[in-house]
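S.K.: this one's structure only:
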């Protein structure tokens, strides 16, 4: 059973389910809610309070526990639950700049654990991760969701995520590894800037979900000065990001530019208003990287 997971610093995404925040609570007794996972005598529930940024997600077991949640959600969504051992093929990914250094370690983080037993929503699960494959973010999403990439001589793919903004340039659909990197310019940086200014200038404490609502235009109960501050900071953030890409000799006004990731969807208005990008395509599917990992896994193993 192939399961693809995008381990974002802000959210965990899979192919068939809604994203959930990359945060969890561990306890010695069951927590509130129905989505409780029990593993090795500990109880875990999800929370909207994300884990602080991890450049290396293998530092502790938290992203593995989040992976168990994702696997259980996917098994249920696909209707593939069994009370016998379920064999899993896992497709995951890393930012392009981290891929060469961390890919082997990330694969080993999941492989070699033997049969894994846990309970989710009161049901017993027994899984065996028999193979893990790792792919680069951004490129994976683009090849799975954007048509005619090979027909374009030059395409720049920009994936704005939680902590990083990853980019890779494609030439006739082939990644140009000399123009590939991960900038620490994800939306978490924007959140921190907005929260600091709102607290200092307006004496208002904002959380990340409130900032998201304002950027989506869902701010009927928010003071106009708060909305103005968030919108201004978001535009400056986007302008700085695009200027940073230009400083790296990446042309945004000629050739095709593809924006993807939750951050790009959130900041689409600001990107379009910047005047710094020419022919632009937005991939709105927040699960695009996960779908890309599944697509590339099947190609790698001769499947269609």
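M.R.: Here it is on my side, so go on. Just so you know, these numbers come straight off a predicted model, no measurement behind them.
S.K.: Can you give the strand pairings for the lowest-mean-pLDDT helix or strand in the chain, parallel or anti for each?
M.R.: The helix or strand of the chain with the poorest confidence is strand 174-183; it has a mean of 83 (mean pLDDT, DSSP states H and E). Strands that pair with strand 174-183, judged by DSSP bridges, come out as strand 165-171 (antiparallel).
S.K.: neighbouring contacts of the strand it pairs with?
M.R.: 95-97, 136-139, 142, 149, 152-159, 175-176, 179-183, 185-186, 241, 245, 250, 263 (Cβ atoms under 8 Å, 6 or more residues apart in numbering). All C-beta atoms are positioned from the backbone trio N, CA, C, and that covers glycine.
S.K.: how about 7 Å then?
M.R.: 95-96, 137-139, 149, 153-159, 175-176, 179-183, 185-186, 241, 245, 250 (Cβ atoms under 7 Å, 6 or more residues apart in numbering).
S.K.: Quick check: buried residues in that strand?
M.R.: 165-170 (16 or more other Cβ atoms under 10 Å).
S.K.: after the least confident helix or strand of the chain comes which helix or strand?
M.R.: Next helix or strand after strand 174-183 toward the C-terminus (DSSP states H and E): helix 187-197.
S.K.: okay, the angle between that following helix and strand 165-171?
M.R.: 140 degrees (axes from the mean of the first three to the mean of the last three Cα atoms, to 10 degrees).
S.K.: which residues touch helix 187-197?
M.R.: Contacts for helix 187-197 (Cβ under 7 Å, 6+ apart): 9-10, 53, 160, 162-163, 206, 208, 211, 229-230, 233-234, 237, 263, 266.
S.K.: And that helix, how far out from the chain middle?
M.R.: Helix 187-197 has its C-alpha centroid displaced from the chain centroid by 18 Å (Cα atoms, centre = their mean, to the nearest Å).
S.K.: what does stretch 144-159 give?
M.R.: The answer for stretch 144-159 is 19 Å, by Cα atoms, centre = their mean.
S.K.: and what of stretch 24-34?
M.R.: With Cα atoms, centre = their mean as the basis, stretch 24-34 stands 24 Å off its chain's centre.
S.K.: before we move on, back to that, so how do I select the buried members of the contacts of helix 187-197 in ChimeraX?
M.R.: The ChimeraX selection below is limited to those of these classed as buried (16+ other Cβ under 10 Å):
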select :9,10,53,160,162,163,206,208,211,229,230,233,234,237,263,266
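S.K.: List the buried residues in the least confident helix or strand of the chain.
M.R.: Under 16+ other Cβ under 10 Å, the buried positions of strand 174-183 are 175, 179-183.
S.K.: Could you check the pLDDT of residue 17?
M.R.: Looking at residue 17, its pLDDT reads 95.
S.K.: Now for it, how many residues are close by?
M.R.: 18 (other Cβ atoms under 10 Å).
S.K.: Spell out the secondary structure type for it.
M.R.: coil (DSSP: H, G, I helix; E, B strand; the rest coil).
S.K.: For residue 259, see how far away it is.
M.R.: According to Cβ to Cβ, to the nearest Å, residue 17 and residue 259 sit 23 Å apart.
S.K.: low-scoring stretches of the stretch 51-200 of the chain, by residue?
M.R.: Within the stretch 51-200 of the chain, not a single segment meets pLDDT under 70.
S.K.: Relative to the longest strand anywhere in the chain, what are the paired strands and their orientations?
M.R.: Identified as the longest strand of the chain according to DSSP state E is strand 123-136. If you go by DSSP bridges, strand 123-136 pairs up with strand 86-94 (parallel), strand 115-120 (antiparallel).
S.K.: need the next SSE after the first one, C-terminal direction.
M.R.: For strand 86-94, the succeeding helix or strand toward the C-terminus, using DSSP H and E, is helix 96-110.
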